[in-house]
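> Build me a structure from this.
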Amino acid sequence: MLDLAIAIDTDTRGITMIETNRGPNLKSSRWPQDCDFQLVAFSPLGKTCDVVWTELLAEDISRALKTLTESGVMNGLKPDWYRRLARCAQGASISTDLRRVKRAEPTASV
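Here you go, the predicted model:
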């Protein structure tokens with residue numbers, strides 16, 4: 001799961017105690033000391049989290065979309081989730097070309 005978090009305390013070992021936007025308190029050993037909010041990844045059942053650097057996440061998303069596109073799996077119109085991820089990857093150093101992403105028409109509900 002991903003969420004925004006803020007540091008609330010540090011224990012005697014230097015482990016930062018954080019609180020996520022949705023409430024769980026977690027521990028992070030790699031919390032940057034010069035920031036307020038960070039994006040974190042964690043298991044909803046866990047007690048620790050990892051800081052997610054947004055630049056690296058955007059590059060990872062860009063690589064995944066590029067792989068899908070180059071493999072031919074995503075030929076034709078793209079679903080909404082693909083377009084949302086492509087927008088997240090915009091500006092990444094290996095960004096997907098968003099001009100070629102066509103929106104899929106919504107399916108009619110019966």
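
> so how far does stretch 30-49 reach from one end to the other?
The first and last residues of stretch 30-49 sit 9 Å apart, counting by CA to CA, to the nearest Å.

> Might you calculate how far that stretch sits from the centre of the chain?
Relative to its chain's centre, stretch 30-49 lies at 13 Å (CA atoms, centre = their mean, to the nearest Å).

> burial measure for V73, as a count.
Other residues within reach of V73, judged by other CB atoms under 10 Å, total 8. Placement of C-beta: from N, CA and C, glycine included.

> And it, what's its pLDDT?
On pLDDT, V73 comes in at 86.

> sec struct for it, please.
Following DSSP: H, G, I helix; E, B strand; the rest coil, the label given to V73 is coil.

> backbone phi and psi for it, please?
Dihedral pair for V73: phi -70, psi -30, per degrees, to the nearest 10.

> list the buried ones in stretch 73-83?
Within stretch 73-83, the residues that count as buried by 16 or more other CB atoms under 10 Å are 78, 82-83.

> Provide the secondary structure category for the residue nearest the centre of the chain.
Nearest to the mean C-alpha position of the chain, by CA atoms, centre = their mean, lies L57 at 5.4 Å. Of the three states, L57 takes helix according to three-state DSSP.

> who's in contact with it?
L57 makes contact with 39, 88, according to CB atoms under 8 Å, 6 or more residues apart in numbering.

> so what are the domain limits for the chain?
The chain breaks down by automatic domain parsing into domains covering 2-52, 55-100.

> Return the member of the ones you listed having the minimum mean pLDDT.
Taking the mean pLDDT of those, domain 55-100 comes last: a mean of 82.

> centre of the chain versus that one, how much separation?
For domain 55-100, the distance to the chain centre is 13 Å (CA atoms, centre = their mean).

> do stretch 48-68 as well
Chain-centre distance of stretch 48-68: 6 Å, with CA atoms, centre = their mean.

> First-to-last residue distance for stretch 69-88?
One end of stretch 69-88 to the other measures 16 Å (CA to CA).
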